[in-house]
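>>> I would like to see how this sequence folds:
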Amino acid sequence: QVQVVESGGGSVQAGGSLSLSCAASGRTLDDLNMGWFRQAPGKEREFVAAMGVTVGSEYYHDSVKGRFTISRHNAKNTVTLQMNSLNPEDTAVYYCAAAGSAGWVGVFDYEYEYWGQGTQVTVSS
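Numbers count the residues shown, from 1 in each chain. Just a heads-up that it's a prediction; the model follows:
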């Protein structure tokens, strides 16, 4: 059984940065695709970023390209989402998700089997 736990959320002013971390247990990252999703109040959960087990297999929602970076740290079995140039539209609960590596990297929430509890990110103007 895989468990993922997010940390690092908080409040920041527009233009600021935050780093979210996701710690996985139960399986090693080199066997998992990892994704970040977010859900703002009154909206559906949406894809943010994901990465597969191979170098160069990172994917981003258009709204965060150039501002967010997903990276994995296999030795620590963690994944980081570095968020820069934040704006109020980034305010949401951010969720880390994991799925067994299957040859493609999912960008839809139904493609992920394991989910964290979420961490709140609030960006004020």
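
>>> got any ranges where this structure has weak pLDDT?
The model of the chain has no residue with pLDDT under 70.

>>> what residue is smack in the middle of it?
Trp36 (2.3 Å; CA atoms, centre = their mean).

>>> now that one: how far from Leu81?
Using CB to CB, to the nearest Å, one gets 5 Å for the distance from Trp36 to Leu81. For glycine as for every other residue, the C-beta is placed from the backbone atoms N, C-alpha and C.

>>> which residues do the two both contact?
Common contacts of Trp36 and Leu81 (CB atoms under 8 Å, 6 or more residues apart in numbering): 20, 22, 48-49, 70, 94.

>>> of the residues you listed - the most surrounded one?
For the shared contacts of Trp36 and Leu81, neighbours were counted by other CB atoms under 10 Å; the highest total belongs to Cys22, with 27 neighbours.

>>> by contact count, what packs against the host helix or strand of that one?
Using DSSP states H and E, Cys22 sits in strand 18-25. Counting contacts by 3 or more CB pairs under 8 Å, 6 or more residues apart in numbering; DSSP states H and E, strand 18-25 packs against strand 3-7, strand 32-39, strand 78-83, strand 92-100, strand 119-124.

>>> before we move on, back to that, wait, isn't the residue nearest to the centre of the chain in contact with Met51?
No. If you go by CB atoms under 8 Å, Trp36 and Met51 don't touch, sitting 9.3 Å apart.

>>> joint contacts of those two?
70, 79.

>>> hang on, the earlier thing: for the residue nearest to the centre of the chain, name its beta-bridge partners.
Beta-bridge pairing for Trp36 (DSSP bridges): Ala49, Cys96.

>>> now do Val123
With DSSP bridges as the rule, Val123 is bridged to Val12.
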